[in-house]
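Student: Provide a 3D model corresponding to the input given below.
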Amino acid sequence: MKNRIYKTIGVFAVLITGMISFNACDDKEDGGSNTPMTIHKVFLENAQSAVPDREVTFARLGQIVRLEGSGFSGIAKVYVNGKSCYFNPVFVSDNSMLVQISADVPTTEAPDDVRNTIRLVKSESNTFVLPFEIRAAAPGITNISHTMPSAGDEITITGTGLQGVTGVIFPGNVQATTFSSDDEDGKWVTVIVPAGITESGSVTVICANGGAYSPAYFNYKEGVVHNFDDIQNYAWGSGIDNEALTATIPASGNLPKSQGGYQVFNSTGNAAASSDQRFWLNSTAIFSTITSKIPASTAAADCGMQMDIYVEGAWNSGVIRMVMADGSGSSRYCMLYQPVYVDKVYDVKAFENPGAWFTITLPFALSADYEGKTLDDVVASMSAASYKQAGPWFENSGITDVFDPVPATEKVYFDNIRFVPLTTPTYSDFPDEE
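Tutor: Coordinates of the predicted model:
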């Protein structure tokens, strides 16, 4: 906190210095309106950065920049890519001024004659234009369709600002060679998973707007607690046993398929509106997997459970309830995946079946019992539970104040139950801050 305060003070020290440097033109009758303007340098103002007043060659929407030059006194307007942007006259000296780059400044859609420019205006006859790159807000990754795929699978990375993708880098610096992005809206990039990925961590996407990291959950095989193959912690099941299904599903295509053994909820596709099926793991057996891989002090919002599922048919009813500590009632110590119940409204159109295996992610903080808590609290609740069992169950018996279920017709196959970290590294435009 002290360092942050000192950085903030440093930024304002620069501004105060600029204010002191007001020259004599401020006292002229014309207020400097006839004095020519020029910009020598542009600085990014960021009190949270290691360099709070950094000279830059580009800036992003929403950022504050400091212009350094001469003749700024009497300035009337500042345009960025043709869009008028706010500046506070209090922070304008003849040599320095602050400008807020508005979030609605056009970037790629700006007309060619104003794109990537900062234009200062005192009057129609007294203007100055600086060629300067303006980028959209930093891109971000919100989801990866499958976080433990096989080589050759096509997966989709969704997010914001993902236009003009030039690289997709997997953990261990394994680079993808085949990918395609949504250049119009920047909402997704599809990529063929390359061979040779042996490490876990974040996926990096490099695009026209800069770079973005995913959460550090990709290929997190060290967190697997049950996969129906070589990692087994089965305790018992209600309507579901541990005898693996092995037929490859889906049978064709390059989207993610089953990986060895798996199991299924609602195998007959006719679960009654009052039914549920449970798949229990031995809690004590999986404690060591959790605590040896993820620090106990990790916030519950920054870690959670994942598993891969494949849905056969249209999801019309039911939820997956991931229970961590059994014995305190059906709604305690658990996280819900409820694809057709959005904000307590039943909407079968909310779930779009991808026709392939995909990953569902359930942060521990989705449970009211773990909100504001840590992983240590999660483990403690598992240890103190009346029944030492944890795992997913398919529930179609209704959730208080949410819905009245109907018979469920979808079949939900599942595999690779795992603990994962959900922290996302901060991507910086500047290498010294990485």
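
Student: residues contacting the residue nearest the centre of the chain?
Tutor: The residue lying closest to the centre of the chain (C-alpha atoms, centre = their mean) is T142, at 3.3 Å. Applying C-beta atoms under 8 Å, 6 or more residues apart in numbering, we find T142 in contact with T158, G159, T160. (C-beta placed from N, C-alpha, C; glycine too.)

Student: most neighbours of all those residues, which one?
Tutor: Neighbour tally across the contacts of T142 (other C-beta atoms under 10 Å): the maximum, 20 neighbours, falls on G159.

Student: confirm for me that it is in contact with W188.
Tutor: Yes - at 7.4 Å, G159 counts as touching W188 under the criterion of C-beta atoms under 8 Å.

Student: show the model's pLDDT score for the residue nearest to the centre of the chain.
Tutor: Model confidence at T142, given as pLDDT, is 97.

Student: do the same with the one 10 residues further on
Tutor: With respect to pLDDT, G152 scores 98.

Student: and if you look at T17?
Tutor: 43.

Student: the strands in the stretch 1-150 of the chain, which residues?
Tutor: Under the criterion DSSP state E, counting those that start in this stretch, the stretch 1-150 of the chain contains strands at 38-45, 53-55, 58-60, 64-70, 77-80, 83-84, 96-100, 117-123, 126-131, 133-135, 140-144.

Student: export the longest one as CSV, just CAs?
Tutor: Right, strand 38-45. Provided in CSV are the C-alpha atoms of strand 38-45 (Å, rounded to 0.1, in the frame of the first residue of the first chain):
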residue,chain,number,x,y,z
THR,A,38,3.6,21.0,-30.6
ILE,A,39,3.8,17.6,-28.8
HIS,A,40,7.2,16.2,-28.2
LYS,A,41,6.3,13.1,-26.1
VAL,A,42,3.4,11.2,-24.7
PHE,A,43,3.4,9.6,-21.3
LEU,A,44,1.0,7.0,-19.8
GLU,A,45,-0.2,7.9,-16.3
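
Student: ok, D153 - contacts?
Tutor: H146, I192, V193, N254, L255, P256, K257.

Student: so the fourth one belongs to a strand, correct?
Tutor: No - assessed by DSSP: H, G, I helix; E, B strand; the rest coil, N254 does not belong to a strand; its assignment is coil.

Student: that one against E154, yeah?
Tutor: Yes - counting by C-beta under 8 Å, E154 is a contact partner of N254 at 4.9 Å.

Student: more neighbours, the two?
Tutor: The neighbour comparison of N254 against E154 (other C-beta under 10 Å) goes to E154, with 19 against 11.

Student: is it true that the more buried one touches I192?
Tutor: Yes - with contact defined as C-beta under 8 Å, E154 and I192 form a contacting pair (5.5 Å).

Student: hey, what's in contact with both of these two?
Tutor: In contact with both E154 and I192: N254, using C-beta under 8 Å, 6+ apart.

Student: per-domain residue ranges of the protein.
Tutor: Here the domain assignment for the chain is 2-135, 140-218, 221-421, based on automatic domain parsing.
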